[in-house]
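Colleague: Model the structure of this input:
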Amino acid sequence: MKPWLSGEYDQLFHQIHQRSARVITLAGASNQCGTSTHCNWLARRCAEDHKVLLVDLDLSGSGQGYAAKPWHCNGEGEAEAMVTLTEQLSLLPQPCEERTILDLRQPHSFHQALERWKQDYHYILCDVGTMTQTNWRNLPINALSHASDATILCLAAAQTTESELLTCIGKLEQNSIPLLGTLINDQVNPSLADEIIRVLTTKARWLPSSIKQKVVDYLQASALLQGKYQ
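Modeller: Below is the predicted model of the structure:
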């Protein structure tokens with residue numbers, strides 16, 4: 001199953017539609033929490049019904065995984081830099097020109113780019129990377145999020161700390177940035193099968209090894225208990 005066609009992304013898409021949001025920013029609460037992947041999947045879900053532009057602004061990370069291209073906020077070089085992912089979905093990779101990065105730091109320039117993109121795309125999704133990461137190349141995420149209609153905060157279960165989450169929420173509240181919701185990445189969170197196996201290994205020493213092994217084999221083969229998509 002394609003993950004962007006799951007019930008979770010369908011529900012998120014309908015929330016975006018109900019708010020009449022067209023520019024959506026996805027930001028991470030910590031490193032390696034899957035913000036870029038979530039952004040890509042949500043863009044693909046939106047592209048099932050509408051024309052979508054995915055803008056890679058994660059300048060301190062790998063972002064969407066495409067090489068940076070020389071494009072400018074006034075539209076120069078955009079057509080040559082654009083990557084077609086599907087018939088309805090286009091990707092604008094990270095800018096490689098320092099001039100463009102400086103222009104994106106200016107709210108007026110970013111607003112102008114957004115207004116131009118809105119003429120050709122119904123939804124614009126911006127992957128802006130990690131909010132708590134300090135890096136001179138980072139764009140001011142709060143300013144970029146403030147220019148959007150809604151912001152989605154991504155976090156990683158069993159990895160993002162409470163302090164990081166509260167810091168991000170505080171920044172959003174201080175700047176009156178609309179928070180649509182959160183996406184939780186369960187990749188490093190133990191599955192139900194892993195937890196049962198852990199209990200079997202540590203607590204059920206009385207259980208015969210042959211029976212225990214059969215139970216473990218069953219748990220490891222169960223896609224449902226492993227939390228995998230079918």
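Colleague: so what's the backbone phi/psi at Thr86?
Modeller: phi -140, psi 180 (degrees, to the nearest 10).
Colleague: Spit out the contact partners of it.
Modeller: By C-beta atoms under 8 Å, 6 or more residues apart in numbering, the contact list for Thr86 reads 44, 47. Using the backbone N, CA and C atoms, a C-beta is placed for each residue, glycine as well.
Colleague: Would you mind measuring from it to Gln15?
Modeller: 22 Å (C-beta to C-beta, to the nearest Å).
Colleague: likewise Gln112?
Modeller: 28 Å.
Colleague: domain parsing for the chain?
Modeller: Domains of the chain are assigned by automatic domain parsing as 3-185, 192-226.
Colleague: Buried deepest among those, which one?
Modeller: Among those, the stretch with the highest mean neighbour count (mean count of other C-beta atoms under 10 Å) is domain 3-185, at a mean of 18.
Colleague: gap between the two ends of that domain?
Modeller: Taking C-alpha to C-alpha, to the nearest Å, domain 3-185 runs 13 Å from one end to the other.
Colleague: Below-threshold pLDDT in this protein: ranges please.
Modeller: 1, 133-137, 142, 187-190, 226-230 (pLDDT under 70).
Colleague: all helices for it, in order.
Modeller: 7-18, 35-46, 78-81, 98-104, 107-118, 141-146, 162-174, 192-203, 209-221, 223-226 (DSSP state H).
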